[in-house]
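Student: Just a sequence and a predicted model for now, questions to come.
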Amino acid sequence: MKNLWNDEQADECHDDLDLRVYTSRLLGREKSLVLHGGGNTSVKIKQNNLLGNEEDVLYIKGSGWDLETIEKPGFSPVLLDHLIALSKLKQLSDPQMVNALRTHMTDAAAPTPSVETILHALLPFKFVDHTHANAVVTVTNTAGGLQRIKEIYANKVIVIPYVMPGFDLARVCAEIYEKESGDETIGMVLMNHGIFSFGDTAKESYERMIYLVGLCEDYLKQQQAWELETATVLHEEKTLHNKLAQLRKQVSQAAGFSVVINTECNAKTLRFSNRDDLAVISQQGPATPDHVIRTKRLPMLGTDVASYVAEYKKYFSQHLANSKNQLDMLDPAPRVILDAEMGLCTVGRNATGASIVRDIYIHTMDIIERATALGGFQALPADDIFSVEYWDLEQAKLGKNGNKPMFSGEVAIVTGAASGIGKACVDSLLRRGAAVIGLDIDATVTQLHQRADYLGVVCDVTDEKSIDNAIEEGVRQFGGLDMVILNAGVFPASCRIDEMNSNEWQKTLDINLTANLLLMKKTYTFLKLAYNKGRVVIVGSKNVSAPGPGAGAYSASKAALNQLMRVAAMEWGSDGIRINTVHPNAVFDTAIWTDEVLESRAKSYGLSVGEYKKRNIMSVEITSHDVAELVSEMCGPVFAKITGAQVPIDGGNERVI
């Protein structure tokens, strides 16, 4: 475990809260300590209120913030005296606790304080750090975990048996800390949960965390339980897109909503998924209970979704009988899938959710394998996991974002995505919650966005193999396809028919027509499997209904593509797939319209560039963004019962009208 503290960086901090932010980010950068919102940090600060009175305030990481990127506003300031008073109550329900925390913050706009706020308040140190360190969780999740922890740490930490997070855990920790802590105590291990460190300075608390976790890592190395096998599973490279798309459809049906499935098919995941003891080690439970809200209690082995759903319903019914509250069953769809052929598949309501589950389970695999090497992985009993899975405070984390975006859980493919209308379509679909696969022959398509819900693929749409590879890559990333935006095209130089070069004619047809036919053929199977029915939008042209001289190849190719759309609408309608066309005109914010070309064309009409851009009945400028917004809406519910339609977006053109 590497110590990342840097004196020069720390010297740039102006106060204790700056230092709290600094060391929190250091912890967050180390993925073997915390993942995606996990872990917690706090600092106790004296400050004056508006009346000039000094108050003790606990600043603790607020709900929804990630340690790796947290800023000052991510810490919730809660009056310390109130927290101490709350801790002396005999009982405090979760809703009462959350209300008591929120109503005693010094900043009403701050995020909701952590459920562990009272625990942090009771520890008699200025700085407190809490992580879910892989090494510590590995040791605690073994049959002899308690004895091993005591052997590793002796008097350096106090050990807390597993208690569900909240008020009861805070009380237990306070009682055990008071009885067992001594001069050597620098931390606290929560069995099957994580580890705390504390100190009077940010540096002291941080370095104690690194030291304590390092001791656990050293122990695993000494026990020959650190280095993982690297032997690869011999397998034939296969296309997985059809199997994945079928799986996605079944999982979506089980969930009751469209999902994204991310696939990690590599040496690590295939080796784990092909272990002889997989049915035992993978079916114990999560590494820490809070993972259950993302991963479910158990992964699905293979692709039998119906059996998994039946087992989940049985699990819910068994534990519902022991619950004091009336509970509604969550969707029974798996979130982690281990398959001998596909490796690791992770499921989310969107691409970000699927990637979070992926990151969690990749670390879980390491924990399971190391614990197995140490003597046997042993997770918490199912009833403890169920309590966290159906804990209203944990469920609130998943529901905090309110209404889901229009295309949440759906996947779109956009051709010609590197610039102009295609790029605008990518942006528009992302804003509406879709995962987007952008295709373009221009390599810059891979750099448009650095985010979990975008994949840029260099693809020559006139090459069938290139299309196959792009679809395989996209489906491995997101699980399938729901929407196809056919935008890629070329506009050749103006040329009379009697002077036309046959090669230029063929090139135009290859890109504007045949490539789109190929893409329609290749994506049809996936569109048929789309949970919310497949959608195709073709970016056509005004030239379909109102061609101009010198544009024979372009106009003919676009008109033929339009006719293809009309036939597809009739053929695919029975599959629930709708296909429509948008016909833009005079969209000048694209690569072909340079300043020089615009000035030349405007001059030929005796107009300024601004006037030329608005040369339509409504005197409005049509932009790539305008076209993209219409394209996205044509994929949405407004057009749910429309297919075979052609919609012009041109500000009104006399010839088209």
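Tutor: Arrived safely.

Student: Now do the helices in the stretch 51-200 of the chain.
Tutor: 80-87, 94-102, 117-122, 134-140, 145-153, 167-180 (DSSP state H, counting those that start in this stretch).

Student: out of those, nearest to Asp440?
Tutor: Closest to Asp440 of those, according to Cβ to Cβ: helix 134-140, at 39.4 Å. Heads up, the C-betas are built off the backbone N, CA and C, glycines and all.

Student: And the closest one, what does it pack against?
Tutor: Identification of packing neighbours for helix 134-140 by 3 or more Cβ pairs under 8 Å, 6 or more residues apart in numbering; DSSP states H and E yields helix 145-153, strand 194-199, helix 202-222, helix 351-374.

Student: can I get those in CSV with distance to Asn266, mean neighbour count and mean pLDDT?
Tutor: Listed next are the helices and strands packed on helix 134-140 as CSV, based on distance: least, Cβ to Cβ, whole Å; neighbours: other Cβ atoms under 10 Å; pLDDT from 0 to 100:
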stretch, distance to Asn266, mean neighbour count, mean pLDDT
helix 145-153, 30, 17, 96
strand 194-199, 28, 24, 97
helix 202-222, 24, 20, 97
helix 351-374, 10, 22, 96
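
Student: any chance of these in a markdown table, plus distance to Asp595?
Tutor: Shown next, in a markdown table, are the helices and strands packed on helix 134-140 (distance: least, Cβ to Cβ, whole Å):
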| stretch | distance to Asp595 |
| --- | --- |
| helix 145-153 | 69 |
| strand 194-199 | 59 |
| helix 202-222 | 54 |
| helix 351-374 | 37 |
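
Student: before we move on, the earlier item: among the helices of the stretch 51-200 of the chain, which is nearest Ala373?
Tutor: Among the helices of the stretch 51-200 of the chain, helix 134-140 sits nearest to Ala373 (Cβ to Cβ), with 9.3 Å.

Student: Verify the contact between Gln477 and Glu264 for me.
Tutor: No - using Cβ atoms under 8 Å, Gln477 and Glu264 do not qualify as a contacting pair, with a distance of 10.1 Å.

Student: of the two, who's got more company?
Tutor: Taking neighbours as other Cβ atoms under 10 Å, Gln477 and Glu264 compare with Gln477 leading, 23 against 17.

Student: Leaving out sequence neighbours, find the closest residue to the more buried one.
Tutor: Among residues not flanking Gln477 along the chain, Leu455 sits closest, at 4.9 Å (Cβ to Cβ, 6 or more residues apart in numbering).

Student: do the same with Pro637
Tutor: Using Cβ to Cβ, 6+ apart and skipping the chain neighbours, the partner closest in space to Pro637 is Met406 (7.6 Å).

Student: show me what contacts the one you found?
Tutor: Applying Cβ atoms under 8 Å, 6 or more residues apart in numbering, we find Met406 in contact with Arg432, Gly433, Gly636, Pro637.

Student: from these, which is closest to Tyr361?
Tutor: Set against Tyr361, the nearest of those by Cβ to Cβ is Gly433 (23.4 Å).

Student: What separation is there between that closest one and Asp427?
Tutor: The gap separating Gly433 from Asp427 is 13 Å, by Cβ to Cβ, to the nearest Å.

Student: These two: which is more packed in?
Tutor: Neighbour count, other Cβ under 10 Å: between Gly433 and Asp427, Asp427 has more, with 21 against 18.

Student: so that one, which of the three states?
Tutor: Classification of Asp427 using DSSP: H, G, I helix; E, B strand; the rest coil returns helix.

Student: before we move on, what about the one 10 residues further on?
Tutor: Using three-state DSSP, the three-state assignment for Ile437 comes out as strand.

Student: Surely it touches Gly422?
Tutor: No - look at Ile437 against Gly422 with Cβ under 8 Å: they stay out of range, at 11.7 Å.

Student: Report the set of residues contacting both of the two.
Tutor: Here Ile437 and Gly422 have Val414 as joint contacts, going by Cβ under 8 Å, 6+ apart.

Student: which of those two has more neighbours?
Tutor: Higher neighbour count among Ile437 and Gly422: Gly422, with 30 against 27, using other Cβ under 10 Å.

Student: avg pLDDT for the host helix or strand of that one?
Tutor: In this assignment (DSSP states H and E), Gly422 forms part of helix 420-431. In this model, helix 420-431 has an average pLDDT of 97.

Student: Show me what counts as buried in that helix.
Tutor: Gly420, Ile421, Gly422, Lys423, Ala424, Cys425, Val426, Asp427, Ser428, Leu429, Leu430 (16 or more other Cβ atoms under 10 Å).

Student: Which of the helices and strands in this structure ranks last by mean pLDDT?
Tutor: Lowest on mean pLDDT, DSSP states H and E among the helices and strands of the chain sits helix 392-399, with a mean of 62.

Student: circling back: of all the helices and strands packed on helix 134-140, which lies closest to Leu607?
Tutor: Within the helices and strands packed on helix 134-140, the stretch nearest Leu607 is helix 351-374; the backing value is 45.1 Å (Cβ to Cβ).

Student: elements contacting that closest one?
Tutor: helix 134-140, strand 260-264, helix 267-273, helix 278-281, helix 292-295, strand 343-348, helix 464-478.

Student: Out of those, which gets nearest to Tyr554?
Tutor: helix 464-478 (22.2 Å).
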